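*Asks:* curious how this folds, go ahead:
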Amino acid sequence: MNRVCCTRLEASGTYSVFNRLSIRWRLAVVSAGLTFLILCAFAVIFGELTSTQIRSDFVDDTSSAADRLEERLSVTPRSPSGYRISPPLELYGAPNNATIRLFWGNREPVPDGATPGAAELGPPVSPGIREFRGYLVATRYALLSSVSGGQPQLTLPVWIEYARPLEDLDRTVSRLWLILLIGVLGGAMLALLGGLALARRSLRPITDLTAAAQEITRTRDPDLHVPQPETDDEVAELARTFDEMLSSLDDSRQETEGALSRQREFVADASHELRTPLTSILANLELLSDELDGDRKEAADAALRSSQRMRRIVADLLLLARSDGQQTLTRRPLDLASVVREAVAEAEALTDDHVLTVEAEAPTIVIGDRDELHRLVTNLTENAIRHTPAATAVVVAVAAEGSSAVLSVSDNGPGIAPEQRARIFERFVRRDGDRGGSSGLGLAIVRSVAEAHGGSVAIEDADPGSRFVVRLPLTDGDET
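*Replies:* Next up, the predicted model:
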């Protein structure tokens with residue numbers, strides 16, 4: 001079971017590595033792999049057949065050489081103990097590196113009847129061919145006639161051993177297999193290189209499509225189009241589909257932008273138009289609240305508070321609409337510390353159960369719109385007051401850090417749950433425990449104002465409580 005699991009894991013790992021390769025490399029590897037398998041099969045079949053043929057030819061050559069020696073061999077006495085052997089055994093065996101030994105019929109060696117340094121092949125057994133101690137030995141039995149003065153005098157029975165070393169055969173077969181191996185590896189390598197070149201050429205239209213898509217992504221230019229291949233194939237169809245998709249996306253984007261633009265204009269117009277009647281309503285309700293008493297006064301006060309909340313919401317919507325429309329703000333150098341003191345003073349008048357502290361380095365000069373930065377500080381301060389219990393300390397600090405002005409609003413209240421931090425700057429998002437006085441737009445306005453001034457806002461870790469940090473670019477100019 002463990003072996004099966006390990007095998008599966010190894011196969012899975014190999015497959016994962018293969019999948020991480022580019023398509024070009026995968027095509028080339030598959031092509032080279034198939035070529036390698038085909039060449040291996042061809043090499044094995046060809047090598048076995050050729051090796052068999054080489055061995056058969058080696059045996060036939062050895063047997064033929066022994067037969068020719070039997071036909072041409074003559075042994076003539078020269079003296080009582082000497083014989084003249086023809087042809088010379090050393091010269092006859094030299095071309096094939098052969099060993100030759102002659103024996104009399106009683107299997108006794110013939111004097112001088114062997115090649116120099118002849119290997120010991122044992123006494124002849126019977127006519128035929130056999131392997132012995134690394135040699136292929138062809139054995140022949142011949143009856144040789146000795147001739148003197150033109151007349152045969154006697155008949156000599158002779159055993160002939162003609163042997164060739166098998167290492168010559170093995171060396172030839174090894175060279176054959178080496179050549180086949182080099183051919184297989186070389187063919188697979190050529191197939192890999194050819195596959196890479198072919199895949200690169202075949203995938204060039206897709207590479208062009210990718211480059212065009214990246215350029216469109218970088219420039220966000222809807223007028224750009226992907227290149228159309230000359231051939232009408234699957235890649236050309238893909239290019240046409242991309243072009244159609246880009247056209248559809250551009251149309252959809254224009255429709256969305258038009259709808260959003262109309263929505264922003266409507267919100268801005270509606271907010272602007274609502275300010276005048278709301279101002280009139282607030283003035284009348286304030287007069288009624290001063291003139292009435294009892295239940296009627298409480299009803300007028302409740303209506304006045306609701307109208308004031310509505311005016312804040314309308315003002316928030318108008319500010320966000322201007323921000324979404326990227327309207328140019330009236331900006332000039334100003335002291336952020338001064339803005340903070342004014343905003344905290346207004347917020348302090350609205351509460352008597354929180355301890356507000358200002359820590360401001362003056363001057364801290366930034367370029368911006370005073371009213372909007374005032375709104376940013378007010379929203380952060382009111383957010384801290386609204387979501388913390390009585391007697392909570394709220395610290396509003398301004399300091400310069402490098403090239404940035406850092407505005408922080410900290411409290412030692414219950415803090416913000418981690419799951420709420422990701423969405424707390426979105427519109428109409430309320431925190432847990434909200435006591436109903438929030439529209440869900442305060443922190444969205446903070447982010448909008450900060451980004452409109454080239455800055456950012458973030459929630460940083462604080463223990464206890466929460467800490468909002470706004471970073472704005474500093475400037476060297478003087479406040480005007």
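*Asks:* who are the packing partners of the one helix or strand residue 443 maps to?
*Replies:* If you go by DSSP states H and E, residue 443 is part of helix 442-452. For helix 442-452, the packing partners by 3 or more Cβ pairs under 8 Å, 6 or more residues apart in numbering; DSSP states H and E come out as helix 294-324, helix 370-386, strand 456-460, strand 466-473. In this view, the C-beta of every residue, glycine as well, is placed from N, C-alpha and C.
*Asks:* ok, 10 Å please
*Replies:* helix 294-324, strand 365-368, helix 370-386, strand 456-460, strand 466-473 (3 or more Cβ pairs under 10 Å, 6 or more residues apart in numbering; DSSP states H and E).
*Asks:* among these, which comes closest to residue 207?
*Replies:* strand 456-460 (38.4 Å; Cβ to Cβ).
*Asks:* what about that closest one, distance to the chain center?
*Replies:* Here strand 456-460 shows a centroid-to-chain-centroid distance of 33 Å under the convention Cα atoms, centre = their mean, to the nearest Å.
*Asks:* show me what that strand is packed up against.
*Replies:* Right, strand 456-460 is packed against strand 404-411, helix 418-421, helix 442-452, strand 466-473 by 3+ Cβ pairs under 10 Å, 6+ apart.
*Asks:* which residues of the stretch 51-200 of the chain fall in helices?
*Replies:* 89-93, 166-219 (DSSP state H, counting those that start in this stretch).
*Asks:* what's the most buried one of those?
*Replies:* Stretch with highest mean neighbour count among these: helix 89-93 (a mean of 18; mean count of other Cβ atoms under 10 Å).
*Asks:* picking that back up, what would the helices of the stretch 51-200 of the chain look like in JSON lines with distance to residue 299?
*Replies:* Shown next, in JSON lines, are these (distance: least, Cβ to Cβ, whole Å):
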{"stretch": "helix 89-93", "distance to residue 299": "135"}
{"stretch": "helix 166-219", "distance to residue 299": "59"}
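*Asks:* turn the ones you listed into TSV, including mean pLDDT and distance to residue 419.
*Replies:* Formatted as TSV, the helices of the stretch 51-200 of the chain follow (pLDDT from 0 to 100; distance: least, Cβ to Cβ, whole Å):
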stretch	mean pLDDT	distance to residue 419
helix 89-93	85	97
helix 166-219	84	32
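*Asks:* now for those, which one comes closest to residue 39?
*Replies:* Of all these, helix 166-219 comes closest under Cβ to Cβ, at 4.3 Å.
*Asks:* following element in sequence after the closest one, please.
*Replies:* Past helix 166-219, further along toward the C-terminus, the next helix or strand under DSSP H and E is helix 234-291.
*Asks:* pretty sure residue 305 sits against residue 285.
*Replies:* Yes - judged on Cβ atoms under 10 Å, residue 305 makes contact with residue 285 at a distance of 9.2 Å.
*Asks:* quick one, which of these two is more surrounded?
*Replies:* Neighbours were counted for residue 305 and for residue 285 using other Cβ atoms under 10 Å; residue 285 has more, 20 against 13.
*Asks:* any idea how the protein splits into domains?
*Replies:* 74-165, 228-327, 330-473 (automatic domain parsing).
*Asks:* reformat the helices and strands packed on helix 442-452 as JSON lines; add distance to residue 84.
*Replies:* Listed next are those as JSON lines, based on distance: least, Cβ to Cβ, whole Å:
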{"stretch": "helix 294-324", "distance to residue 84": "122"}
{"stretch": "strand 365-368", "distance to residue 84": "124"}
{"stretch": "helix 370-386", "distance to residue 84": "127"}
{"stretch": "strand 456-460", "distance to residue 84": "115"}
{"stretch": "strand 466-473", "distance to residue 84": "117"}
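*Asks:* redo those as CSV? Include mean pLDDT and distance to residue 442.
*Replies:* Listed next are the helices and strands packed on helix 442-452 as CSV, based on pLDDT from 0 to 100; distance: least, Cβ to Cβ, whole Å:
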stretch, mean pLDDT, distance to residue 442
helix 294-324, 71, 7
strand 365-368, 90, 19
helix 370-386, 87, 4
strand 456-460, 89, 12
strand 466-473, 92, 11
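*Asks:* wait, which of those is closest to residue 141?
*Replies:* Nearest to residue 141, of the helices and strands packed on helix 442-452 and by Cβ to Cβ, is strand 456-460 at 108.1 Å.
*Asks:* buried residues in that closest one?
*Replies:* Within strand 456-460, the residues that qualify as buried are 457, 459, counting by 16 or more other Cβ atoms under 10 Å.
*Asks:* got the contact list for it?
*Replies:* 376, 380, 404, 407-408, 410, 415-416, 418, 420-422, 424-425, 443, 446-451, 466-472 (Cβ atoms under 10 Å, 6 or more residues apart in numbering).
*Asks:* sheet partners, orientation included, of it?
*Replies:* The strands beside strand 456-460 in its sheet (DSSP bridges) come out as strand 466-473 (antiparallel).
*Asks:* and the angle for the partner strand with helix 370-386?
*Replies:* Here strand 466-473 runs at an angle of 170 degrees relative to helix 370-386 (axes from the mean of the first three to the mean of the last three Cα atoms, to 10 degrees).
*Asks:* could you dump strand 466-473 to PDB, C-alpha only?
*Replies:* The C-alpha coordinates for strand 466-473 follow below in PDB (Å, rounded to 0.1, in the frame of the first residue of the first chain):
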ATOM      1  CA  SER A 466      -8.600  52.100  17.900                       C
ATOM      2  CA  ARG A 467      -6.300  54.400  15.900                       C
ATOM      3  CA  PHE A 468      -7.100  56.100  12.600                       C
ATOM      4  CA  VAL A 469      -4.000  57.500  10.700                       C
ATOM      5  CA  VAL A 470      -4.200  59.900   7.800                       C
ATOM      6  CA  ARG A 471      -1.100  60.700   5.800                       C
ATOM      7  CA  LEU A 472      -0.900  63.900   3.600                       C
ATOM      8  CA  PRO A 473       2.000  65.300   1.600                       C
END
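*Asks:* and the angle for it with strand 404-411?
*Replies:* Between strand 466-473 and strand 404-411, the angle comes out at 170 degrees (the same axes, to 10 degrees).
*Asks:* now do the buried residues in strand 466-473.
*Replies:* Using 16+ other Cβ under 10 Å as the test for burial, strand 466-473 gives 466-472.
*Asks:* distance from the chain centre to that strand, please.
*Replies:* Distance, centroid of strand 466-473 to centroid of chain: 37 Å (Cα atoms, centre = their mean).
*Asks:* got the angle between that strand and helix 442-452?
*Replies:* 20 degrees.
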